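Asks: pasting the structure only:
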């Protein structure tokens with residue numbers, strides 16, 4: 001049984017934290033660790049640094065996405081800029097370094113590159129003897145994820161494994177696991193039963209829209225475009241914790257005339273996203289690593305709308321390449337593109353099969369089991 005396992009995320013977007021929570025739950029369900037802690041590394045940095053990692057990033061997403069994409073590509077140069085970046089990070093993570101040195105975890109599992117980089121530096125200086133595992137939470141591996149001192153990388157797909165091997169990571173230190181998602185997504189749930197449970201029509205094509213986090217397109221505009229569809233569909237819009245967004249969408253739903261081809265159901269914050277995904281056929285929106293992996297586990301077909309430049313554009317490239325989605329670059333054509341897809345049931349079913357084939361719903365369990373196996377040799 002493992003002991004003193006430290007899971008390290010960073011609350012720069014929800015995905016890194018959710019990935020760590022998924023691994024934590026897998027440890028609990030498998031019962032293979034005596035002590036497991038999960039810490040948000042950003043909570044042990046300076047206030048200015050936290051703002052840089054969170055607010056500044058979100059501001060760029062909404063106000064300067066082109067600049068964000070340029071920066072993402074500019075810094076995606078393996079083994080470049082690492083000294084400069086590390087020097088800046090060290091200045092702002094003194095509390096985090098102190099926590100690590102005092103706790104001395106036996107195994108660290110990082111779902112964000114910031115703590116991975118700091119741990120690598122501490123290992124190089126022999127101030128920390130932990131065994132480090134790095135879990136990449138997108139389908140591509142950006143250069144920011146690279147560090148010199150590690151025991152294992154966990155990546156989403158074989159292409160990511162090949163990339164790491166080509167830039168010098170030992171093949172034995174790479175596991176293709178998929179992106180860890182909450183184990184609840186690995187549970188099979190009947191589509192019709194989930195529709196009945198959540199007040200949806202049993203035999204109607206169901207489109208899911210998740211409004212959590214942030215985006216480049218107001219959801220009202222996206223849903224207004226969907227209302228032009230000629231196929232009969234039901235749209236489920238999940239608003240997350242935004243009360244204001246829910247009120248606006250409730251108002252929009254009240255204006256949809258009875259008998260319209262498109263019905264709209266608005267949901268606020270929910271802990272049953274796996275059930276709404278199980279009830280759905282298509283997912284409309286962005287393609288962050290965690291949401292994408294969750295949707296794949298339920299065999300959803302993706303309608304990708306304005307992915308965030310950088311990692312989401314690259315995630316969308318992989319989805320399109322695997323034949324599990326289409327991309328709509330212009331809202332006025334969104335309804336047309338989905339209608340054309342629904343006109344071809346054979347194509348839609350093939351895309352659904354590809355989605356399930358790409359899915360790795362038990363990634364969190366696979367990561368934990370691999371760590372247990374490796375620990376026997378460490």
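Replies: Right, received. Where do you want to start? No experiment lies behind these values; they were computed from the predicted model shown.
Asks: please count neighbours and contacts with C-alpha atoms only from this point.
Replies: Will do.
Asks: who touches the host helix or strand of residue 109?
Replies: Per DSSP states H and E, residue 109 falls inside strand 107-110. Residues outside strand 107-110 that contact it (CA atoms under 8 Å, 6 or more residues apart in numbering) are 3-9, 20, 116, 130-135.
Asks: residues in contact with the helix or strand following that strand?
Replies: For strand 107-110, the following helix or strand on the C-terminal side (DSSP H and E) is helix 113-124. Residues outside helix 113-124 that contact it (CA under 8 Å, 6+ apart) are 8-10, 41, 86, 89-90, 97, 110, 128-130, 132, 134, 144-150.
Asks: buried subset of the residues you listed?
Replies: Using 16 or more other CA atoms under 10 Å as the burial test, those include 8-10, 41, 89-90, 97, 110, 128-130, 132, 134, 144-147, 149-150 as buried.
Asks: before we move on, the earlier item: restricted to helices, list the contacts of strand 107-110.
Replies: Among those, the residues falling in helices (DSSP state H) are 20, 116.
Asks: list just the nearest of the contacts of strand 107-110 to residue 267.
Replies: Nearest to residue 267, judged by CA to CA, of those is residue 20 at 25.8 Å.
Asks: a strand runs through residue 209, doesn't it?
Replies: Yes - when DSSP: H, G, I helix; E, B strand; the rest coil is applied, residue 209 is found to be in a strand.
Asks: sketch out the low-pLDDT regions of the chain for me.
Replies: Scanning the chain for pLDDT under 70 picks out the ranges 211-217.
Asks: show me the strands in the protein, by range?
Replies: With DSSP state E as the criterion, the chain has strands at 5-9, 36-40, 107-110, 131-135, 152-155, 174-176, 205-210, 233-238, 262-267, 282-285, 301-305, 325-328.
Asks: dump the ones you listed into TSV; add distance to residue 246 as well.
Replies: Listed next are the strands of the chain as TSV, based on distance: least, CA to CA, whole Å:
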stretch	distance to residue 246
strand 5-9	29
strand 36-40	29
strand 107-110	34
strand 131-135	34
strand 152-155	36
strand 174-176	39
strand 205-210	12
strand 233-238	8
strand 262-267	7
strand 282-285	17
strand 301-305	20
strand 325-328	24
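Asks: go ahead and confirm residue 294 touches residue 181.
Replies: Yes - counting by CA atoms under 8 Å, residue 294 does reach residue 181; the two are 6.4 Å apart.
Asks: overlap of the contact sets of the two?
Replies: Taking CA under 8 Å, 6+ apart as the criterion, residue 294 and residue 181 both touch residue 361.
Asks: no more questions from me, cheers.
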